[in-house]
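Novice: no sequence for this one, just the structure:
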């Protein structure tokens, strides 16, 4: 029997009868409610596609996945000349999009896969609430608030929604007795998001400990532990071998490329840990407070280790990455925070939980993700890419957003960040990362010289001007950048004609 952290207390017969009646009502209502809410979510997603006449993903990275799927299907990359797994953060998500792409056009294929995330996430939260003994009203309210909190992430065209769903169902399995199902999921999680490998490690270690302390039959226990390890390894092996064969690395290297490009912020380790924790709270909202009440019983201790290692990992590399793309990396912790909130509600009553639900809902409604503006920016980038394809068929482009341009053109491209052009990573490791970005211009100069690029497309992201500063970096390296008029395709993405430095021209 699994203990979920409720506090025992003495109750009167009348109270006990009322509690039993409420429990029976919950058991009757919850299955129907779960089906109804999931069906409503499916219908809502279908209506959204129909009303909008399709869907423009708000993040360029979504189109990297679509490009990689096309490369898997066609067998070659006309733009970057690298294997499809280069620049892929989630191998499982890529396979799902590719399979869907076999029967549906690009954006529809990715939309279908993205739509699975919120449905499974909602079903998982409702299942968790039922398993923990939370009344159905509070369970449904918390699940819907969780959906509202993740609304800006579910349809970004990336694996974020699937990550939230996978973590939620992993928690469901972790509440059960030790089983092969949890071992199987733990073997797959790192290939949905690499940092989920930490969650796999702590949960599989906990399951091994539970087995080792379960009974006196040592041989039987050791066989069970060995079986868990074998199941996890069997689940992971195909992905490990595929990644190793395609990229030379066991796990995706996209985060390493970003760390090299963006550099590590200055500050001591304690300051970085505090900053990473603050970014996490900023991403998932008031529900983050519940993480303090995960407890030590059940999977609580293991989850506390994961949360701590997650924050420490980003503190040691680059905590600023946690703010990228609407804090999307932090949403791997949202299911754990909601799980902690459920346990808190069961242990200490509904009043505190209701306050947390109201606070989380208020933040979700008050600070919605501005998807429309991001979609408009992606649409403008697509228009510029189409203009280049039509008017500069011999161009070789330097770019920093590697997805949309590759989905529209067959021109040779060089990724300044290094996600799709891994040779750029060495330059950033040499110049950008050690200098905290101060000598990024040297890395960009080396990349541009090696590529033989004739043009560049750079985002004018005023007032922040991080991406726009790449143009300044190239100029600092001696490159001439002349903006070209792309007509109605004009906007924040600016097309430049490149003139190499005199030394590069002489070479």
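Specialist: That came in fine, so what should we check first? Just so you know, these numbers come straight off a predicted model, no measurement behind them.
Novice: pLDDT averaged over stretch 263-273, what's the number?
Specialist: When pLDDT is averaged over stretch 263-273, the result is 86.
Novice: Which positions in it come out as buried?
Specialist: By neighbour count on 16 or more other CB atoms under 10 Å, the buried set for stretch 263-273 is 263, 264, 265, 272, 273. In short, each C-beta sits where N, CA and C put it, glycine included.
Novice: got it, and stretch 75-89?
Specialist: For stretch 75-89, by 16+ other CB under 10 Å, it's 77, 79, 80, 82, 83, 84, 85, 86, 87, 88, 89.
Novice: which pair in those spans the largest distance?
Specialist: 79 and 89 (18.3 Å; CB to CB).
Novice: so where do the strands sit in the stretch 401-507 of the chain?
Specialist: Secondary structure of the stretch 401-507 of the chain (DSSP state E, counting those that start in this stretch): strands located at 413-415, 455-459, 480-483, 493-499.
Novice: Quick check: which of those strands is buried the most?
Specialist: The highest mean neighbour count among the strands of the stretch 401-507 of the chain, using mean count of other CB atoms under 10 Å, belongs to strand 413-415: a mean of 26.
Novice: residue ranges with poor pLDDT in the stretch 51-200 of the chain?
Specialist: Scanning the stretch 51-200 of the chain for pLDDT under 70 picks out no residues.
Novice: got the residue ranges for the strands in it?
Specialist: In the stretch 51-200 of the chain, no strands are defined using DSSP E, counting those that start in this stretch.
Novice: again, but for the stretch 251-400 of the chain
Specialist: Secondary structure of the stretch 251-400 of the chain (DSSP E, counting those that start in this stretch): strands at 397-399.
Novice: could you list every residue that touches residue 87?
Specialist: Residue 87 sits next to 64, 68, 80, 254, 402, 415, 419, 420 when contact means CB atoms under 8 Å, 6 or more residues apart in numbering.
Novice: and the protein, what are its domains?
Specialist: With domains defined by automatic domain parsing, the chain comprises 27-56+88-268+348-361, 372-506.
Novice: Just put those in JSON lines and tack on distance to residue 73.
Specialist: Shown next, in JSON lines, are those (distance: least, CB to CB, whole Å):
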{"stretch": "domain 27-56+88-268+348-361", "distance to residue 73": "6"}
{"stretch": "domain 372-506", "distance to residue 73": "13"}
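Novice: between those, which one is nearest to residue 307?
Specialist: When the domains of the chain are compared by CB to CB, domain 27-56+88-268+348-361 sits nearest residue 307, at 9.5 Å.
Novice: Centre-most residue in the protein?
Specialist: What sits nearest the mean C-alpha location of the chain, by CA atoms, centre = their mean, is residue 160, with 3.7 Å.
Novice: distance of that residue from residue 152?
Specialist: Distance, residue 160 to residue 152, using CB to CB, to the nearest Å: 9 Å.
Novice: Looks like residue 195 contacts residue 328 (just checking).
Specialist: No - assessed by CB atoms under 8 Å, residue 195 is found out of contact with residue 328, at 11.9 Å.
Novice: need the helices for the stretch 1-150 of the chain, in chain order.
Specialist: Counting by DSSP state H, counting those that start in this stretch, the stretch 1-150 of the chain has helices at residues 13-52, 60-74, 91-101, 106-132, 136-149.
Novice: Using TSV, lay out these together with mean neighbour count and distance to residue 451.
Specialist: Compiled in TSV, the helices of the stretch 1-150 of the chain are given as follows (neighbours: other CB atoms under 10 Å; distance: least, CB to CB, whole Å):
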stretch	mean neighbour count	distance to residue 451
helix 13-52	13	37
helix 60-74	23	18
helix 91-101	22	26
helix 106-132	22	27
helix 136-149	22	41
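Novice: Next, give phi and psi for residue 102.
Specialist: The phi/psi pair for residue 102 (degrees, to the nearest 10) reads phi -70, psi -20.
Novice: just to revisit the earlier point, more neighbours, residue 195 and residue 328?
Specialist: The neighbour comparison of residue 195 against residue 328 (other CB atoms under 10 Å) goes to residue 328, with 24 against 19.
Novice: mind listing what the more buried one touches?
Specialist: Residues in contact with residue 328 (CB under 8 Å, 6+ apart) are 153, 156, 158, 160, 283.
Novice: 6 Å instead?
Specialist: By CB atoms under 6 Å, 6 or more residues apart in numbering, the residues touching residue 328 are 153, 160.
Novice: Tally up the residues packed near the nearest residue to residue 304 once chain neighbours are set aside, please.
Specialist: Nearest residue to residue 304, sequence neighbours excluded (CB to CB, 6 or more residues apart in numbering): residue 294, at 5.1 Å. Residues near residue 294, counting by other CB under 10 Å, number 24.
Novice: Contacts only, for residue 294.
Specialist: Applying CB under 6 Å, 6+ apart, the residues contacting residue 294 are 300, 303, 304, 340.
Novice: 10 Å instead?
Specialist: Residue 294 makes contacts with 5, 300-307, 336-337, 339-340, 343-344, as judged by CB atoms under 10 Å, 6 or more residues apart in numbering.
Novice: now, which of those residues sits nearest residue 148?
Specialist: Nearest to residue 148 among those: residue 337, at 14.0 Å, using CB to CB.
Novice: Burial check on the closest one, number of neighbours?
Specialist: Neighbour count of residue 337, defined by other CB under 10 Å: 30.
Novice: list the contacts for the nearest residue in space to it that is not next to it in sequence?
Specialist: In space, and not counting its chain neighbours, residue 337 is closest to residue 287: 4.1 Å by CB to CB, 6+ apart. Going by CB under 10 Å, 6+ apart, residue 287 touches 142, 145-146, 149, 281, 333-341, 356-357, 359-360, 363-364.
Novice: Relative to residue 443, how far out is residue 287?
Specialist: Taking CB to CB as the measure, residue 287 falls 39 Å from residue 443.
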